[in-house]
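sequence unknown, structure follows:
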């Protein structure tokens, strides 16, 4: 069964640089910063790939680059693994993990994880209820699912999630 190519961020600990696994190819970024400018100055990575480790943080803060690289909020058990181990996991379990996330209505995109964290930080405390004009209590905890999958009008990554869901859930075998 063909798998969707994945985008992932790896770290070379000795050379202190990022290497992006972009649809099966390795690209070295010129510095320890992940943004569109670094991506434009990328070079093919030609060193030993066994020395690369999957970055703990897959989310990209630069919105322009985040639209180009669809990194996923990968399971904790996979984070920090070597490139060969990660590729073996992705081949054996990646499709099912991705399909399960989408089937449960959760966003696997790392960009949505940043957005959910930002919403938690900038919103009022989740423990405090908010009173509406009709004097009814609305809890922010009830809206936690909406933070992961915001409206397409307000979220630039909603189209990416829709494309990803379409690729995974409606794939021809």
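Perfect, thanks for sending it. Quantities reported herein were computed from a predicted structural model and do not represent experimental measurements. Numbering: from 1, shown residues only.

next one, pLDDT for the residue nearest to residue 62 when sequence neighbours are not counted please.
The shortest distance from residue 62 to any non-neighbouring residue, by Cβ to Cβ, 6 or more residues apart in numbering, is to residue 35 (4.1 Å). For the C-beta atoms, the positions are set from N, CA and C on the backbone; glycine is no exception. pLDDT for residue 35: 93.

next: residue 162.
Per-residue pLDDT puts residue 162 at 67.

wait, isn't residue 102 in contact with residue 109?
No. Checked against Cβ atoms under 8 Å, the pair residue 102 and residue 109 is beyond contact range at 10.4 Å.

looking at those two, which one has more neighbours?
Between residue 102 and residue 109, residue 109 has the larger neighbour count (other Cβ atoms under 10 Å), namely 24 against 18.

please report phi then psi for that one.
Geometry field for residue 109 lists phi and psi as phi -70, psi 130, criterion degrees, to the nearest 10.

could you check how far it is from residue 39?
Distance of residue 109 to residue 39, computed by Cβ to Cβ, to the nearest Å: 17 Å.

residues in contact with the residue nearest to residue 62?
Residues in contact with residue 35, defined by Cβ atoms under 8 Å, 6 or more residues apart in numbering, are 61-62, 64-65.

let's see that with 10 Å instead.
Listed by Cβ atoms under 10 Å, 6 or more residues apart in numbering, the contact set of residue 35 reads 29, 60-66.

residue boundaries of the strands in this structure?
For the chain, the strands defined by DSSP state E cover 7-12, 17-22, 25-28, 43-44, 53-54, 130-131, 137-138.

out of the ones you listed, which is the most enclosed?
Among the strands of the chain, strand 17-22 has the highest mean neighbour count (mean count of other Cβ atoms under 10 Å), at a mean of 22.

strands paired with it, and their directions?
Applying DSSP bridges, strand 17-22 is found paired with strand 7-12 (antiparallel), strand 25-28 (antiparallel).
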